[in-house]
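K.L.:
Fold the following and give me the result.
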Amino acid sequence: MKTLTRIRNQNQNYARQSTRLRAHRPDTGLILLVGILLVIGVVVIYSISPTLSRELLDGGSENYFAYAQLGHIGLGILVFAVAAKIPLTWWRKLLPWLVLATLASFLLMLTPLGVTSGGATRWLGTASLSFQPVELAKFTLVIGAAAWFSGLKDGEIKRFSFALAPLLIALGVLSVFVVLHQSDLGSMLVLAAIAASIFFVAGAPLRHIGYLLGIGLAGIILSIVLAPHRMERLRTFFNPEQGIAETGYHLHQALIAVGSGGLFGLGLGESVQVYGYLPEAANDSIFAIIGETFGLLGGLVIVALFVLLVSRCLVIARWAHDRFAGYIALGIGTWIAVQALINITAMIGMIPLSGITLPLVSYGGSSLLFVMLAMGVVTHISMYTVRNRNENRTHRGRNGRAHRPAFGGSPGAV
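P.N.:
Below is the predicted model:
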């Protein structure tokens, strides 16, 4: 009852503060980076769509994958535009429904509605129209963790029962569905990173951070030891020449794709690995296709774009007008950073394969839509960053950004 009263009082404070804040221009750099990554993704998918269509589809348009991705992007832009207009107070009010929707979608995967592909049940719906509940879970965790930790009073973040215990319970429940049922350790690492980053910035004691990292490491080791396919992937990672025809096939073909691109790549439409050699060429393995098509320079450009995108999220978090907004931007930046890092490093053989998409670039609907939703929320936050009243008007009008640190300030939202 005390918790509900506190949340109600916070929402009233947020509503009062929102009337005192004026919107300014959104972060155009963030929007531009999102657009560039979307364009790169659809161009690469368009270049390999004819081959994929012949290899994977029985008839139909040779541009099926390109047209489908354009449809996903169109819907994603709509979601982005709507999210950029929604006040943050709405997400607080919708949080219980987001939690219920996430739990319901995970439970429905235990029914015949769960779609199994590649030995894993990670989708909900039908073979032609499916949805990944873990993408909803990422967004829900960002909003939930930001709401919880921004609502803690001074000193409560240091108490086990107020901070670390609820976090461990939430991650434990998620791991049951994501790791044990869906066999998706990569997504669980993203979820854990989101929660840990917000927990750390909120002021958690170092010993609690140590506990969290220790429990997380133990969980990773346990999940690998208890899953034969993960143990086999780990063996293949340390001995890549063994099992090339079986467990090491995907990694081997990804390395061939990246290596054959050289410095400048083979060029658009010249991919060889897409001819049935590289699994999931448009999805999880799209960075390998980018390396083959555009070479080392193209791969470095993709990495640089993600670095800039994550940097923009962190800058927006730094200048956010309150802790709730700042924690959301931080959590979303962590989401993009860790997911891109896992995907890219897996494709170049630095870590075992995880089966996770490259945000904004990979083919698919669920991941793209929820990342676009998250980017829309960050864009909304960027419109209400705190301004220095003494800053030069000309300079402020030119860049529309904040010039006074506000992250970690008193709670509030717009």
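K.L.:
Once you drop chain neighbours, what's closest to residue 184?
P.N.:
Setting aside the residues directly before and after it, residue 184 is nearest to residue 178 in space (CB to CB, 6 or more residues apart in numbering), at 5.2 Å. C-beta coordinates here come from the backbone N, C-alpha and C atoms, glycine included.
K.L.:
neighbours of the one you found, just the number please.
P.N.:
Around residue 178 there are 25 other residues, counting by other CB atoms under 10 Å.
K.L.:
ok, now the one 4 residues further on?
P.N.:
Burial of residue 182 is recorded as 21 neighbouring residues (other CB under 10 Å).
K.L.:
so it makes contact with residue 135?
P.N.:
No: Residue 182 is not in contact with residue 135 according to CB atoms under 8 Å; the separation is 11.7 Å.
K.L.:
which stretches of the stretch 251-400 of the chain aren't confidently modelled?
P.N.:
Regions of the stretch 251-400 of the chain meeting the criterion pLDDT under 70 cover residues 387-400.
K.L.:
Strands along the stretch 51-200 of the chain, start to end?
P.N.:
Along the stretch 51-200 of the chain, counting by DSSP state E, counting those that start in this stretch, strands occupy 114-117, 120-125, 130-131.
K.L.:
Give me the helices and strands touching the longest one, please.
P.N.:
The helices and strands touching strand 120-125, judged by 3 or more CB pairs under 8 Å, 6 or more residues apart in numbering; DSSP states H and E, are strand 114-117, strand 130-131.
K.L.:
which of these sits most buried?
P.N.:
Across the helices and strands packed on strand 120-125, averaging neighbours per residue (mean count of other CB atoms under 10 Å) puts strand 130-131 on top, at a mean of 17.
K.L.:
That one pairs with which strands, parallel or anti?
P.N.:
strand 120-125 (antiparallel) (DSSP bridges).
K.L.:
In contact with the residue nearest to residue 184, which residues?
P.N.:
By CB atoms under 8 Å, 6 or more residues apart in numbering, the contact list for residue 178 reads 134, 137, 184, 187-188, 191.
K.L.:
closest to residue 172 out of the strands of the stretch 51-200 of the chain?
P.N.:
Set against residue 172 and scored by CB to CB, the strands of the stretch 51-200 of the chain come closest in strand 120-125, at 19.4 Å.
K.L.:
Go through the closest one and flag the buried ones.
P.N.:
By neighbour count on 16 or more other CB atoms under 10 Å, the buried set for strand 120-125 is 121-124.
K.L.:
Could you do stretch 137-155 as well?
P.N.:
Quick answer for stretch 137-155 (16+ other CB under 10 Å): 137-152.
K.L.:
Going along the chain, name the strands of the stretch 251-400 of the chain.
P.N.:
Using DSSP E, counting those that start in this stretch, no strands are found in the stretch 251-400 of the chain.
K.L.:
Tell me where it has helices.
P.N.:
Counting by DSSP state H, counting those that start in this stretch, the stretch 251-400 of the chain has helices at residues 286-318, 323-347, 366-382, 393-399.
K.L.:
do you know how far residue 43 is from residue 289?
P.N.:
11 Å (CB to CB, to the nearest Å).
K.L.:
between those two, who's got more neighbours?
P.N.:
Comparing residue 43 with residue 289 by other CB under 10 Å, the one with more neighbours is residue 289, at 26 against 13.
K.L.:
you'd agree the more buried one is up against residue 278?
P.N.:
Yes: shown here, residue 289 and residue 278 form a contact pair, counting by CB under 8 Å, at 7.1 Å.
K.L.:
joint contacts of the two?
P.N.:
Common neighbours of residue 289 and residue 278, counting by CB under 8 Å, 6+ apart, are residue 257.
K.L.:
for the stretch 101-250 of the chain, which spans come out with low pLDDT?
P.N.:
In the stretch 101-250 of the chain, residues with pLDDT under 70: 117-120, 126-129, 240-247.
K.L.:
Residue 42: how many residues sit nearby?
P.N.:
Neighbour count of residue 42, defined by other CB under 10 Å: 19.
K.L.:
what do you get for residue 238?
P.N.:
By the measure other CB under 10 Å, the count of residues near residue 238 is 8.
K.L.:
how close does it sit to residue 124?
P.N.:
Distance, residue 238 to residue 124, using CB to CB: 35 Å.
K.L.:
go on, residue 156?
P.N.:
Taking CB to CB, one finds residue 156 at 36 Å from residue 124.
K.L.:
Sort out which residues of stretch 308-324 are buried, please.
P.N.:
Buried residues in stretch 308-324 (16+ other CB under 10 Å): 309-310, 312-324.
K.L.:
Around residue 23, how many other residues sit close by?
P.N.:
For residue 23, using other CB under 10 Å, the count is 10.
K.L.:
That one contacts residue 383, doesn't it?
P.N.:
Yes: between residue 23 and residue 383 there is a contact at 4.6 Å, judged by CB under 8 Å.
K.L.:
Next up, the contacts around the nearest residue to residue 370 once chain neighbours are set aside.
P.N.:
For residue 370, ignoring the flanking residues on the chain, the nearest one in space by CB to CB, 6+ apart is residue 135 at 4.1 Å. Residue 135 makes contact with 366-367, 369-370, according to CB under 8 Å, 6+ apart.
K.L.:
Swap in 7 Å and give it another go.
P.N.:
Residue 135 is in contact with 366-367, 370, counting by CB atoms under 7 Å, 6 or more residues apart in numbering.
K.L.:
Most neighbours out of those residues, which is it?
P.N.:
For the contacts of residue 135, the largest number of neighbours (other CB under 10 Å) sits with residue 367, at 25 neighbours.
K.L.:
Give me the nearest residue to that one, chain neighbours excluded.
P.N.:
In space, and not counting its chain neighbours, residue 367 is closest to residue 357: 4.6 Å by CB to CB, 6+ apart.
K.L.:
same question, residue 253
P.N.:
The shortest distance from residue 253 to any non-neighbouring residue, by CB to CB, 6+ apart, is to residue 278 (4.5 Å).
K.L.:
Next: residue 130.
P.N.:
residue 123 (3.8 Å).
K.L.:
mind listing what that neighbour touches?
P.N.:
With CB under 7 Å, 6+ apart, residue 123 has these contacts: 115, 117, 130-132.
K.L.:
In these, find the pair that's most separated.
P.N.:
Taking CB to CB as the measure, these span a maximum distance of 13.1 Å, between 117 and 131.
K.L.:
hang on, the earlier thing: quickly name whichever of the contacts of residue 123 is closest to residue 227.
P.N.:
residue 117 (17.5 Å).
K.L.:
ok so, going back, generate CSV for the strands of the stretch 51-200 of the chain, with distance to residue 208 as supplementary columns.
P.N.:
Below are the strands of the stretch 51-200 of the chain laid out as CSV (distance: least, CB to CB, whole Å):
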stretch, distance to residue 208
strand 114-117, 36
strand 120-125, 31
strand 130-131, 35
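K.L.:
I am finished for the moment; much appreciated.
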